[in-house]
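Novice: Curious how this folds, go ahead:
(chains A and B)
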Amino acid sequence: MVYKITTNAMKQTIYLITVLLLGLSQTACTDKCTETRVFKRFTPVVFTANQLRQTIGTETVRPLQDPGKIYTKDGFLFINEIKQGIHVIDNRNPESPKVVSFIRIPGNGDMAVRNNILYADSYMDLVALDIRDVTNIRQIKRVTNVFPSGQFNGGSWFVNTATGDVHDQRVDYVKEEIQTNCEEDVAPNWWGGVFAFDSRSIQSAAPSASSGQQQVSSGTAGSMARFALYDNYLYTVNSSTLQLFDIQNPADPQTGNKIQLGWGIETIFPYGDKLFIGSQTGMHIYDNRNPQKPERLSVFEHARVCDPVVIHDNKAYVTLRSGNNCQGFLNQLEVVDISNLLSPKLIKAYPLRNPHGLGIDFPNLFICEGAYGLKTFDASDALNIDRNLLEHFDQFDAYDVIPLGKSLLLIGKDGFYQFDYSNPRKLRLMSKIPVQRPGAIS
Amino acid sequence: MNPVKLLLILCVQSIALPSEAQIRHRAMPFVNYTEVGGLFGRVVSGTQINEVVTNKTSLSVQTLCGVQITKRLAVGALVGIDWYKSALLMPVGGGVRFQLTQTSNRNASLFVSTDVGYALTWLHKSSTGYSITGGLMLNPGIGLRFGKPDKGGVLLTLGYKHQQAQAEKPLRWNEVSRSENRLYNRLSIRLGISI
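Specialist: Model (predicted):
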């Protein structure tokens, strides 16, 4: 059978298609690869010590804007508003938490509660607050000039010892789009902001533990905490030291021993009579049988990255992440055998996206992946955790978690979430307090 | 059944099983277009005051297995491999071949093609900290088929290939998130055979 060529119209069609394709090759055959990144921009600011010390007090409730760490005790929830203070929330009904007050504490990042006393950092000072009446919280003690420097959101601050002024950095989040060559990395675009100094820091939030003779009760903190309670002591870590406070009389904290830990210290997690301290180069294990003077047992070393740690039985779960001052390029979960505390051994490492805080309610392991959400794993088999991902929420930012047996407290840049994890394969959202941040990312 | 396996079975059947005579006498004979070629384009990167233009070339292989619906029209399922420098993508989808010209005496005929699909990343291995997901693929083109009708032929196709992909990248100092939206727009030139 024969199909003849064809009419003039057909010829024109062929010509048109050919011209179109050649035209596309000249004009539209260009790859377009757009890299979108969100990064922090730092702007220097200076405060006088008087400015900071005179503005502490209870204020009316305000929305979450830049939440940091979380702490819970006796049905009340404390959410740090980075460098601003602490939101106090009545969480006795997790389905409907109520914000009851805001404690203004300039330079606050961490907290811990013993009985009715809340301890919080305020730049260089430690303050003790009476929280019996959550609508009228009062400062009852201030221990001055105990923290020489610190870090919030990657921005560093330090005290000028000559003038007493605090030199800080305001942190803004900036969204930027860059055209790339689709195939290779583009060098970082320095914004000319002030780079962070080395990673000295003192922030806050706190785990809890109490050995108790008297009637003491402490709260529970997340894995990113820098404050911890044990026995009659409050333990605080900054970049290189463990600073103890004697709180035998909770209302009157006294400066205790200062223990040099080495460089890059980030988090502290008490477990039994041991202290597990996360640093940028490894996990330090301290024997705390003498709470007044913890003694180092061993250090489990790894590449230079940030690494909060949680413990269950004879296993430590450490997340390593890059970014910020952590440097390095590792993003992974490490499971470490600590049955011999003098010689911890890596069992296995699992790659992750950008892990931050984590929490374990064995066998459920919750890992915050920063901008990439929350992952729930079954950690029963330490050698196959990656094959036992139960659920991944990637619709919100996750910074730190506290598992409380049935409910999971989660804080992220988008807000505070409470999940029911009775079924760990399908977490049920019980409530959310959203962040209301005007122009969060420009 | 896995769609790729199904496609492979279909291809094997279309190539290996039927004889030429069988094809001729079937109402809707199997057809196979297998082509290999290059994807050619460029990319502009950098900032407005410091733009860098780079030429790009990638290997492209694809096979379409289907049926001849009419004398002019063939449709089928396709699978391919596009080897971009930092992404090895496997588009899976469907395609159409329409003969614009055909003679019984001549050895050459002209056809147009359109392929649509979604790229999978099963064959891709990312560097540490990177992850790639595929996306939409569009590939219109025009080609020449050398060979008698109802017999095997040689193909030369000129086309335009649009491929989407997403890349998650490891974070550097001070970054909160970093991802990349990739639109590959290439001129495709392929040589192949048809059965």
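
Novice: And the residue at the greatest distance from the centre of chain B, what's its pLDDT?
Specialist: Most distant from the centre of chain B: residue B:174, at 39.9 Å, with distances by CA atoms, centre = their mean. On the pLDDT scale, residue B:174 is placed at 80.

Novice: Tell me if I'm right that it and residue A:153 touch.
Specialist: No. With contact defined as CB atoms under 8 Å, residue B:174 and residue A:153 do not form a contacting pair (10.2 Å). (Glycine included, C-beta is placed from N, CA and C.)

Novice: got any residues that touch both of those two?
Specialist: Jointly contacting residue B:174 and residue A:153 under the rule CB atoms under 8 Å, 6 or more residues apart in numbering or on different chains are residue A:40.

Novice: What residues does the nearest residue to residue A:433 once chain neighbours are set aside make contact with?
Specialist: Spatial nearest neighbour of residue A:433, excluding adjacent residues (CB to CB, 6 or more residues apart in numbering or on different chains): residue A:416 at 4.4 Å. Going by CB under 8 Å, 6+ apart, residue A:416 touches A:64, A:67, A:70, A:77, A:79, A:89, A:97, A:409-410, A:432-433.

Novice: Show me which helix or strand of chain B is least confident by mean pLDDT.
Specialist: Least confident helix or strand, chain B: helix B:20-25 with a mean of 48, by mean pLDDT, DSSP states H and E.

Novice: Which is the succeeding secondary structure element to it?
Specialist: strand B:30-47 (DSSP states H and E).

Novice: tell me what that next one is packed against?
Specialist: Here strand B:30-47 touches strand A:30-47, strand A:166-180, helix B:3-16, strand B:50-68, strand B:73-84, strand B:87-99, strand B:153-168, strand B:175-194, going by 3 or more CB pairs under 8 Å, 6 or more residues apart in numbering or on different chains; DSSP states H and E.

Novice: relative to strand B:30-47, how tilted is the shortest one?
Specialist: Spelled out, it's strand B:73-84. For strand B:73-84 against strand B:30-47, the angle by axes from the mean of the first three to the mean of the last three CA atoms, to 10 degrees is 40 degrees.

Novice: Please could you give me each C-alpha atom of strand B:73-84, formatted as CSV?
Specialist: Extracted in CSV, the C-alpha atoms of strand B:73-84 (Å, rounded to 0.1, in the frame of the first residue of the first chain):
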residue,chain,number,x,y,z
LEU,B,73,0.2,4.8,14.3
ALA,B,74,2.1,2.8,16.9
VAL,B,75,1.8,3.1,20.7
GLY,B,76,3.8,1.4,23.4
ALA,B,77,5.5,1.5,26.8
LEU,B,78,9.0,2.7,27.1
VAL,B,79,11.9,2.4,29.5
GLY,B,80,15.2,4.2,29.2
ILE,B,81,18.3,5.4,30.8
ASP,B,82,19.5,9.0,30.8
TRP,B,83,23.0,9.4,32.3
TYR,B,84,23.2,13.0,33.5
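
Novice: From the contact counts, what lies against it?
Specialist: Packing contacts for strand B:73-84, counted by 3+ CB pairs under 8 Å, 6+ apart, involve helix B:3-16, strand B:30-47, strand B:50-68, strand B:87-99, strand B:108-120, strand B:153-168.

Novice: at 6 Å what do you get?
Specialist: Under the contact criterion of 3 or more CB pairs under 6 Å, 6 or more residues apart in numbering or on different chains; DSSP states H and E, the helices and strands touching strand B:73-84 comprise helix B:3-16, strand B:50-68, strand B:87-99.

Novice: partner strands of the longest one, parallel or antiparallel?
Specialist: Taking DSSP bridges as the criterion, strand B:50-68 sits next to strand B:30-47 (antiparallel), strand B:73-84 (antiparallel) in its sheet.

Novice: Okay, buried residues for it please.
Specialist: Of the residues in strand B:50-68, B:56, B:58, B:60-68 count as buried by neighbour count, 16 or more other CB atoms under 10 Å in any protein chain shown.

Novice: what does that strand contact?
Specialist: Contact partners of strand B:50-68, identified using CB atoms under 6 Å, 6 or more residues apart in numbering or on different chains, comprise A:181, B:10-11, B:14, B:28-29, B:31-46, B:74-76, B:78, B:80-84, B:95.

Novice: Return the residues in contact with residue A:293.
Specialist: So residue A:293 contacts residue A:257 (CB under 6 Å, 6+ apart).

Novice: residues from chain B in reach of chain A?
Specialist: B:41-43, B:45, B:54, B:85-86, B:101-104, B:142, B:158, B:160, B:170-172, B:174-187 (CB under 6 Å from any CB of the partner chain).

Novice: Can you flag the buried ones in those residues?
Specialist: Among those, those buried by neighbour count (16+ other CB under 10 Å) are B:41, B:43, B:45, B:86, B:101-102, B:142, B:158, B:160, B:170-172, B:174-178, B:180, B:182-187.

Novice: after the strand or helix carrying residue A:70, next one along is what?
Specialist: If you go by DSSP H and E, residue A:70 is part of strand A:67-73. Heading C-terminal from strand A:67-73, the first helix or strand you meet, by DSSP H and E, is strand A:76-81.

Novice: Great, nothing more from me.
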